[in-house]
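*Asks:* build the 3D model from these lines:
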Amino acid sequence: MEISVDKPMVLGTLVFETLGAPEREREFKLKTLKKWGFDLVEGEGGGGRVYGCVAEGAQVGEHFEHEGEQIAITQVLKEYPKNTKVYAHIEMIEGTAHLVVEIEGDESQEILKVPAGELLLAFLKKHRFPHLAEALRTLGSATELVRHDAESGKPYPFSELPPVPRRFLREAKKIEKDMGFGRVALAWFGENKEGKPRYRMSWMVPSIALFDEHVSQRIDKALAELK
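*Replies:* Numbering: from 1, shown residues only. A predicted model of the protein is given here:
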């Protein structure tokens, strides 16, 4: 059987990698939880103080669930309890990425576990990062971003790239370096008869980093170059 290979694409696609494992965990401030649409609340249960994340707008006296127990909210917190920090990481459950959030102090408590993709899409929509939202394809510990049109051709070598893809690659490499992980691949075919750019782009980034508004804003701005 004859094997069909797109040799120009294989040999001509430009790849820039920041090698290593994708970031697994990141610290987040209270204002970020609110940007995700959650309040941090406190209650009493199991003989001690219990914390949880509930939909924004929580009221004292309402309840939240903790380890199967219904906990009455005694306080909607305006700042983290003394000597505590909040961390989030991606956990894979039967092939689906979940965002797991924990508050850490003298003891650690899980305060939130939700499907990461649903929360991320809502977060990107709320804060108007359309280019990033449209590029999302797969979500695990790393997220795959894809943008392309239906056309193809022979990819340009780096030395012949026009300003637009050069600006995109320059910014993508900076973002990758700051995140400590990434892999961006770009095949640039030039413009069609209507003057529209033809290209294929894929970009792997750490999923947990996308929940940071500053990081998502930078990636969205970089993707905006590839109109």
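
*Asks:* can you give the domain ranges for this protein?
*Replies:* The record's domain parsing of the chain by automatic domain parsing lists 7-23+141-223, 25-119.

*Asks:* and the lengthiest helix in the chain, what does it pack onto?
*Replies:* Longest among the helix segments of the chain by residue count, using DSSP state H, is helix 163-179. Helices and strands touching helix 163-179, by 3 or more CB pairs under 8 Å, 6 or more residues apart in numbering; DSSP states H and E, are strand 14-18, strand 182-191, strand 197-206, helix 213-223. C-beta coordinates here come from the backbone N, C-alpha and C atoms, glycine included.

*Asks:* pipe these into TSV and attach distance to residue 143, mean neighbour count and mean pLDDT per row.
*Replies:* TSV is the format used below for those (distance: least, CB to CB, whole Å; neighbours: other CB atoms under 10 Å; pLDDT from 0 to 100):
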stretch	distance to residue 143	mean neighbour count	mean pLDDT
strand 14-18	15	15	93
strand 182-191	10	20	94
strand 197-206	6	21	94
helix 213-223	10	18	97
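
*Asks:* residues in contact with the longest helix of the chain: which ones?
*Replies:* 14, 16-18, 23, 156, 161, 182-184, 186, 188, 197, 199, 201, 203, 205-206, 209, 215, 218-219, 221-223, 225-226 (CB atoms under 8 Å, 6 or more residues apart in numbering).

*Asks:* mind running it again at 7 Å?
*Replies:* Helix 163-179 is contacted from outside by 16, 18, 23, 182, 184, 186, 188, 197, 199, 203, 205-206, 209, 218-219, 222, 225-226, using CB atoms under 7 Å, 6 or more residues apart in numbering.

*Asks:* now do stretch 18-25
*Replies:* So stretch 18-25 is contacted by 87-89, 141-142, 176-177, 179-182, 206, 208-209 (CB under 7 Å, 6+ apart).

*Asks:* hmm, 8 Å instead?
*Replies:* By CB under 8 Å, 6+ apart, the residues outside stretch 18-25 that reach it are 87-90, 141-142, 173, 176-177, 179-183, 204-209.
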